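Visitor: Quick one: sequence and predicted model below, then my questions.
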Amino acid sequence: MTKRTQLALATALVAALALGASGCSDPKKGSAAGAGASNPASANDGKILGGAPVKGGTLTVLSNQDFAHLDPARNWVMPTMDFGTRLLYRTLVTFKAEPGKAGSELVPDLATDLGTPSNGGRTWTFTLKEGVKYEDGSPIKAQDIKYNVERSFAPDLTGGPDYAAQYLAGGEDYKGPLQGKHLDSVKTPDDRTIVFELKRPVAEFSATATLPTFAPVPEAQEKGTQYDARPFSSGPYKIESYDRDKKLVLVRNEHWDAKTDAVRKAYPDKFVVVMSLKGGQIDDRIIAGEGADASTVQWSDMRPESAPKVLPKPEVKSRLLAESQGCTEMLQMNNSRAPFDDPKVREAVQYALDKEAVVTAGGGPALNEIATAYLPPALSGGKQADTLKIAPAGDPARAKQLLKSAGKETLKVSLAVSTGDKGKAEAVQQGLARAGIEVVIDTVDPGAYYDVIGDTTTAPDLVLSGWCPDYPSGSTFLPFVFDGRAIKVKGNASNYAQFRDDATMKRIDEINAMTDAKQANQAWIDLDAEIMKKSPAVPVLLERKPLLVGTNIAGAFGHPAWVGQLDYATIGLKDPAKSQGQGQG
């Protein structure tokens, strides 16, 4: 029995459970956010598991990977942004620590309020709270936030959010502060005031200020690319030890003052992240919940083949969170070279892909639904558009016709995926093979995946990657994924298709200039349909984020801003004494 066959058999039970409960065979029916009780994976949607935590103890995170980047200038992977901004560093603004819609509400963090716009929304001013300190007791200053914003421009510090580069005036040729140059459009008139001068009005700049870019880094702590290994803490915890790919240990930052922080509760005395474990092993340990494993949570998604061990068992299912991620997973084609520089070949892939098979490989319709557009439902009125109206299982005959008309009846292409997505990759491979497209799969360690696919000099033909809005606005989605100006040679962090299209870029600028939010929202939806016709990427799945927690975990919920990842601001233990001796892996 091949691994692919085993996976199909395992996920068949998940599919049967979901379909049996809902009486609906179309995975497109009922959005992931609104599937309700009909979906066994959604039983704990919006709930906080385990009751209120008790202060103390060690909470262990079992992970199959290291973090891509903990440096706040480089941290732009959704779950890691949650971990970094909740535990290690604070930002000007943050999200409420609550499940459901309330979690998308903005609250001040280091700042006293959500910022004050002036000059028609082109200038934003923030004032820092009094008494906020770093792990050594020194005060956090506005100049430190300016310095980290400037660091986000540095070519060597790749992978981080691009908002500062997109929004700040005069940043076009700026290369960061490592050579001693600073950005005039970020002003710090005193230690507690920071002023941002923008290229254009940005009504949602308060939401932008939730990103790790807007966390403080003192210039005296600068270590270049080595800062990843030891960010200087402004949050409730600091790094005690970090053995890359093996273990990260966080202990309390005694200079963090809860009186200045309305969001983070810092219940555990210690967080231990044990890395490089096998995904199935992690699932089994938390399902069993024996001894110290009762006080563990998992970092990456529950493996699809573990679903039959969880969904039919009420005691285990009661410890499963599987919130909708609010993201779209896409098969991105490298538009910069043959064969995918030809729009007909790209369109052929749209028709060749068997999305139903990818859904099955991803855990069945309990954990995924088919995507028909780039923008996720949260950005398109609760329902995705379906511009091309391709059958869920694809149309290989139509794909063959398109390839023939392009003069490419057979193709051989490379596909890079994170190790945990190998089952999905094999489903992609089998679907495209029906149209005469041979796919060679390259699996990459999850901790290195985004760095690998972000190097345009060695980028593969195809990558499987998702994109999530950083906050509820189409401006945080389409411009990053499909604006040719977002492409970087190294550290290309969003436009993995390397799609450069003048009409698309012109329309992005026009929508960004709109002052009416409702008009802009509809314009993003319309642009989504136009880009779909050019097929730079194939929207594949809308996923849930299935995460298991141990029997001794309390205060656990999936946060909507960070794709359903556990909110590390408020998680803790029921009985801290039960976690003694934990964290050995």
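Guide: The structure has been received and is ready for your questions. Computed from a predicted model, the values in this text were never measured in an experiment.
Visitor: Could you pull up the residues touching residue 500?
Guide: With contact set as Cβ atoms under 8 Å, 6 or more residues apart in numbering, residue 500 has these partners: 335, 336, 484, 487. Every residue, glycine included, has its C-beta placed from N, CA and C.
Visitor: By neighbours, which of these wins?
Guide: Comparing the contacts of residue 500 by number of neighbours (other Cβ atoms under 10 Å), residue 335 comes first, having 23 neighbours.
Visitor: Need phi/psi at that one.
Guide: Main-chain dihedrals, residue 335, degrees, to the nearest 10: phi -70, psi -10.
Visitor: Was I right to think it contacts residue 349?
Guide: No. With contact defined as Cβ atoms under 8 Å, residue 335 does not count as touching residue 349 (11.5 Å).
Visitor: one step back: any idea which of the contacts of residue 500 is the one closest to residue 505?
Guide: Taking Cβ to Cβ as the measure, residue 505 lies nearest residue 484 of those, at 5.9 Å.
Visitor: What residues does that closest one make contact with?
Guide: Here residue 484 is in contact with 495, 498, 499, 500, 501, 504, 505 (Cβ under 8 Å, 6+ apart).
Visitor: Same question for residue 455.
Guide: 489, 490, 491, 492.
Visitor: any idea whether the closest residue to the third one other than its chain neighbours is helix, strand or coil?
Guide: Residue nearest to residue 491 in three dimensions, not counting chain neighbours: residue 158, with 2.4 Å by Cβ to Cβ, 6 or more residues apart in numbering. Reducing the assignment to helix, strand or coil with DSSP: H, G, I helix; E, B strand; the rest coil, the entry for residue 158 is coil.
Visitor: Any idea how many residues pack against residue 158?
Guide: By the measure other Cβ under 10 Å, the count of residues near residue 158 is 21.
Visitor: Distance check, it against residue 550.
Guide: Residue 158 sits 35 Å away from residue 550, going by Cβ to Cβ, to the nearest Å.
Visitor: Also residue 139?
Guide: Counting by Cβ to Cβ, the gap from residue 139 to residue 550 is 38 Å.
Visitor: Quick one: distance of stretch 87-96 to the chain centre.
Guide: Its chain's C-alpha centre and that of stretch 87-96 lie 16 Å apart, by Cα atoms, centre = their mean, to the nearest Å.
Visitor: end to end, how far does that stretch reach?
Guide: 14 Å (Cα to Cα, to the nearest Å).
Visitor: when you give positions from now on, start the count at 866
Guide: Okay, using 866 as the starting number, the last item reads as stretch 952-961.
Visitor: Could you list the buried residues of it?
Guide: Judged by neighbour count using 16 or more other Cβ atoms under 10 Å, the buried positions of stretch 952-961 are 952, 953, 954, 955, 956, 957, 958, 959, 960, 961.
Visitor: May I ask which helix or strand encompasses the closest residue to residue 927 other than its chain neighbours?
Guide: Of all residues not flanking residue 927 in the chain, residue 1147 sits nearest, at 4.4 Å (Cβ to Cβ, 6+ apart). Counting by DSSP states H and E, the element that carries residue 1147 is helix 1144-1153.
Visitor: helices and strands around that helix, which ones?
Guide: strand 923-927, strand 1161-1163, helix 1172-1175, strand 1402-1413 (3 or more Cβ pairs under 8 Å, 6 or more residues apart in numbering; DSSP states H and E).
Visitor: CA-only coordinates of it in CSV, if you can.
Guide: Extracted C-alpha coordinates of helix 1144-1153, given in CSV (Å, rounded to 0.1, in the frame of the first residue of the first chain):
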residue,chain,number,x,y,z
GLY,A,1144,3.4,15.4,12.7
GLY,A,1145,1.7,12.1,13.3
GLN,A,1146,3.8,11.6,16.5
ILE,A,1147,2.7,15.0,17.8
ASP,A,1148,-1.0,14.1,17.1
ASP,A,1149,-0.7,10.8,18.9
ARG,A,1150,1.0,12.2,22.0
ILE,A,1151,-1.7,14.9,22.4
ILE,A,1152,-4.6,12.5,21.7
ALA,A,1153,-3.2,10.2,24.4
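Visitor: Let me see the backbone angles for residue 1346.
Guide: Torsion angles, degrees, to the nearest 10, at residue 1346: phi -80, psi -30.
Visitor: Any figure for the gap between it and residue 1223?
Guide: For residue 1346, the distance to residue 1223 equals 19 Å [Cβ to Cβ].
Visitor: picking up where we left off before, could you export the contacts of residue 1365 as a markdown table, including distance to residue 1397?
Guide: Below are the contacts of residue 1365 laid out as a markdown table (distance: Cβ to Cβ, whole Å):
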| residue | distance to residue 1397 |
| --- | --- |
| 1200 | 14 |
| 1201 | 20 |
| 1349 | 17 |
| 1352 | 20 |
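Visitor: In JSON lines, list those residues along with distance to residue 1429 and secondary structure.
Guide: Conversion of the contacts of residue 1365 to JSON lines gives the following (distance: Cβ to Cβ, whole Å; DSSP: H, G, I helix; E, B strand; the rest coil):
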{"residue": "1200", "distance to residue 1429": "30", "secondary structure": "coil"}
{"residue": "1201", "distance to residue 1429": "33", "secondary structure": "coil"}
{"residue": "1349", "distance to residue 1429": "31", "secondary structure": "helix"}
{"residue": "1352", "distance to residue 1429": "29", "secondary structure": "coil"}
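Visitor: Can you list the low-confidence ranges for this protein?
Guide: For the chain, applying pLDDT under 70 flags the ranges 866-902, 1446-1450.
Visitor: What sits closest to the residue most central in space within it if chain neighbours are left out?
Guide: The centroid of the chain falls nearest to residue 943 when counting by Cα atoms, centre = their mean (2.8 Å). Distances taken as Cβ to Cβ, 6+ apart place residue 1428 nearest to residue 943, at 4.4 Å, with adjacent residues excluded.
Visitor: Equivalent analysis for residue 1174, please.
Guide: Using Cβ to Cβ, 6+ apart, the closest residue to residue 1174 is residue 1152 (5.8 Å).
Visitor: and what of residue 1014?
Guide: Using Cβ to Cβ, 6+ apart, the closest residue to residue 1014 is residue 1029 (5.1 Å).
Visitor: about what we covered before: please identify which pair of the contacts of residue 1320 lies farthest apart.
Guide: Greatest spatial distance among the contacts of residue 1320 (Cβ to Cβ): 1354 and 1356, at 8.1 Å.
Visitor: And the two? Which one has more around it.
Guide: Between residue 1354 and residue 1356, counting by other Cβ under 10 Å, residue 1356 is the more crowded of the two (19 against 11).
Visitor: isn't that one right up against residue 1027?
Guide: No. The pair residue 1356 / residue 1027 is not scored as a contact, 9.8 Å apart, by Cβ under 8 Å.
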